[in-house]
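Q: Sequence plus predicted model, see below.
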Amino acid sequence: MPLANPAEAGHGENLLEVDNLCLRFGGLTVLDAVSLRVPAGGITALIGPNGAGKSSLFNAISGCYRPQVGTITFAGREITRLPTSRRAALGVARTFQNIALFPGLTVLDNIKLGSHVHLHTGLLAAGFYLGRARREELRLHTELERDVIDQLGIRDILRVPVATLPYGQQKRVELARALAMGPRLLLLDEPVAGMNRPDRAEMVRLIRNLQQQRGMTVLLVEHDMGVVMDISEQVIVLDFGRVITAGTPAAVREDAAVIAAYLGTEAQQSQHGADEQGPS
Amino acid sequence: MEFFLEVSLVGLAVGGVYALIALGYVIVYRTTRVVNFAHGNIMMFGAYFFFTFATLLDLPWGVALVLALIATALLGTGIERVLLRPMLGRTPVVAVMATFGLVFVLHGSAQIIWTANDFFLPSIFPNRPIVIGTMYIPANTGYGALIALVAIGALLALLRFTRGGLAMRAAASDQVAASALGINVPATFNLTWACAAASAALAGVVVGSITTLNPNLGMIGLSVLGVVILGGLDSLAGAILAGLIVGWLEAITGFYLSASYKDVVPFVVLLVILMIRPHGLLGAPTVERL
């Protein structure tokens, strides 16, 4: 993967800064003055009860939602108004809660689409100047094989249409596709949701290894507290669209506000919390 | 038997041109989920552009053809950018209705610009019919089919082997995921319209050479919509297959029954096939129908 331009790197310590972000749908306030810092080169987890605004925040960062107020700064550059595709080109990659692969395409085509951002020949050029486009594709292909395909152990299924794959493998392919973008910031929306225990452990190991090898920054949303506490250096807790605390896993685990948010204070308990997973 | 073969061959040649027109519908539908009712009239404009460059401006026909393709591609991108872009993200039915309105706008504009008179396109094909054994194929139909064949091959290669083609398939499948991968979805739609319009222009020149040029040329394109439905709205192979079938059926009924049946019989067959296969011959069963 072409690595990030060194001139852009090292801009302060935070790769991602969100300031005073407000997102409303009609009268419903989904994000209420959210500010947070994601330091470069680590794993940060975003947690909170259902409906806390985690996925909305993800969508605002990746560009699917347009916040009414506030700014999002990525690698020292304000991206609040940039379209999703431009953010992707800058190095923001993501996976989706419900897996958004292209079901009709093969695993390889899905992954190739991930590397789309790095091809410099134009869309039609690939048709008209076969020579250069072809070379570029071949070079990319070699890099993909080495850096993504082998590491994720999906070589055997490259020619298979993704729709036919079991859930766990689809999750893997989606991760591979995001990695093919060579991202600086990887947004993972519930990377282990719906997985059995061995698959979950394997995914956690994979994310941690990938993060360390590539030095990229990972921001993830996850409900599995075991995974969150295990994997992340920083935990940010959202509740009702507000950041209620941020800190190390150990500090967050003890935080009274977090415990209240998850388990409910006595008065709230009957309203929500009963179906939430508590901190483990 | 000999007549049967000859008539079949002519029918398949016409069918090849139908297939080219049908592909234009399918390309746009597959990527943007919009059935472009104005495709036939874009085709008609392509023929008029060729007429303008070749006859009115007296350019060599090769140059005129290239200019006509470019002009029509620009018309296609213009329509996407101005008319359909603002509707992006809404249900495709809105955009479909807009293209329906466009049918009349384009038809009326053509009458204003070029009048409603019949014109003949400059002949770009050799004047002698193609002779295979003892069978004759009229020159315009035969060479037109060859051009359609080449254009179909080029279009399929573009979709299959280029990154733009892959981007189109991705954007067609999931717009949000596609843009998260850095694919500029609006630009991809624009490219799709350009490709479809350019292919329409080529088809327009071929059809205009076989018949005459007047603003009603677009109606032929509209009747090909039946071919597209028969093939399956989202199936490239289906469009080609259905184009050949309808062309062949028209020729056969025109010869063995009467010319007045040839507009009816193929569509009766179409209705029967659709009763058995509601998604068209090769269409995906998940396609929403209108």
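A: Arrived safely. Residues are numbered from 1 along each chain as shown, chains lettered A, B, ... in the order given.

Q: which helix in chain B runs the most residues?
A: helix B:2-32 (DSSP state H).

Q: can you give me how far that one is from the chain middle?
A: Mean-position distance between helix B:2-32 and its chain equals 9 Å (Cα atoms, centre = their mean, to the nearest Å).

Q: again with stretch A:105-122
A: With Cα atoms, centre = their mean, you get 18 Å for stretch A:105-122.

Q: CA atoms only: put that stretch into CSV for me.
A: Extracted in CSV, the C-alpha atoms of stretch A:105-122 (Å, rounded to 0.1, in the frame of the first residue of the first chain):
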residue,chain,number,x,y,z
LEU,A,105,-19.0,-9.6,-7.0
THR,A,106,-16.2,-12.0,-6.2
VAL,A,107,-14.1,-11.6,-3.1
LEU,A,108,-11.2,-10.4,-5.3
ASP,A,109,-13.3,-7.8,-7.1
ASN,A,110,-14.6,-6.5,-3.7
ILE,A,111,-11.0,-6.2,-2.4
LYS,A,112,-9.9,-4.6,-5.7
LEU,A,113,-12.6,-2.0,-5.2
GLY,A,114,-11.0,-1.1,-1.9
SER,A,115,-7.7,-0.3,-3.7
HIS,A,116,-9.7,1.9,-6.1
VAL,A,117,-8.5,5.1,-4.3
HIS,A,118,-4.9,4.4,-5.1
LEU,A,119,-5.2,4.0,-8.8
HIS,A,120,-4.1,7.1,-10.6
THR,A,121,-5.3,6.3,-14.0
GLY,A,122,-8.8,7.7,-14.6
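
Q: and the residue in the stretch 1-150 of chain B that chain A sits nearest to, how many neighbours does it have?
A: Nearest residue of the stretch 1-150 of chain B to chain A: B:Arg30, at 10.3 Å (Cβ to the nearest Cβ). For the C-beta atoms, the positions are set from N, CA and C on the backbone; glycine is no exception. Residue crowding around B:Arg30 was assessed by other Cβ atoms under 10 Å in any protein chain shown; the count is 21.

Q: tell me the pLDDT at it?
A: What the model reports as pLDDT for B:Arg30 is 89.

Q: shouldn't it be in contact with B:Ser173?
A: No: between B:Arg30 and B:Ser173 there is no contact under Cβ atoms under 8 Å: 9.6 Å.

Q: re the thing from before, residue contacts, the residue of the stretch 1-150 of chain B closest to chain A?
A: With contact set as Cβ atoms under 8 Å, 6 or more residues apart in numbering or on different chains, B:Arg30 has these partners: B:168-169, B:172, B:234, B:236.

Q: Break down chain A into its helices, ranges please.
A: A:54-62, A:84-90, A:107-114, A:125-128, A:130-144, A:167-180, A:197-214, A:225-231, A:249-254, A:256-263.

Q: what's the spacing between the last one and its chain's center?
A: Okay, so that is helix A:256-263. With Cα atoms, centre = their mean, you get 25 Å for helix A:256-263.

Q: Next, the buried residues of that helix.
A: By 16 or more other Cβ atoms under 10 Å in any protein chain shown, the buried positions in helix A:256-263 come out as A:258, A:260-263.

Q: Which elements pack onto that helix?
A: If you count contacts as 3 or more Cβ pairs under 8 Å, 6 or more residues apart in numbering or on different chains; DSSP states H and E, helix A:256-263 packs onto strand A:234-239, strand A:242-247.

Q: Which among the ones you listed is found nearest to B:Met219?
A: For the helices and strands packed on helix A:256-263, proximity to B:Met219 was assessed by Cβ to Cβ; strand A:234-239 is nearest, at 58.4 Å.

Q: May I have the strands that pair with the closest one, each with its orientation?
A: strand A:43-47 (parallel), strand A:242-247 (antiparallel) (DSSP bridges).

Q: So which of those strands has the densest surroundings on average?
A: The highest mean neighbour count among the strands paired with strand A:234-239, using mean count of other Cβ atoms under 10 Å in any protein chain shown, belongs to strand A:43-47: a mean of 25.

Q: May I have the phi/psi pair for the closest residue to B:Ala19 other than its chain neighbours?
A: Of all residues not flanking B:Ala19 in the chain, B:Gly243 sits nearest, at 2.9 Å (Cβ to Cβ, 6 or more residues apart in numbering or on different chains). Taking degrees, to the nearest 10, you get phi -60, psi -50 for the backbone angles of B:Gly243.

Q: Kindly indicate the member of the contacts of B:Arg30 with the most neighbours.
A: B:Met168 (26 neighbours).

Q: isn't that residue right up against B:Leu158?
A: No: using Cβ under 8 Å, B:Met168 is not in contact with B:Leu158; the gap is 9.3 Å.

Q: residue ranges with poor pLDDT in the chain?
A: In the absence of a named chain, this looks at chain A. In the prediction, chain A carries residues with pLDDT under 70 at positions A:1-12, A:118-141, A:145, A:263, A:265-280.

Q: actually chain B
A: B:285-290.
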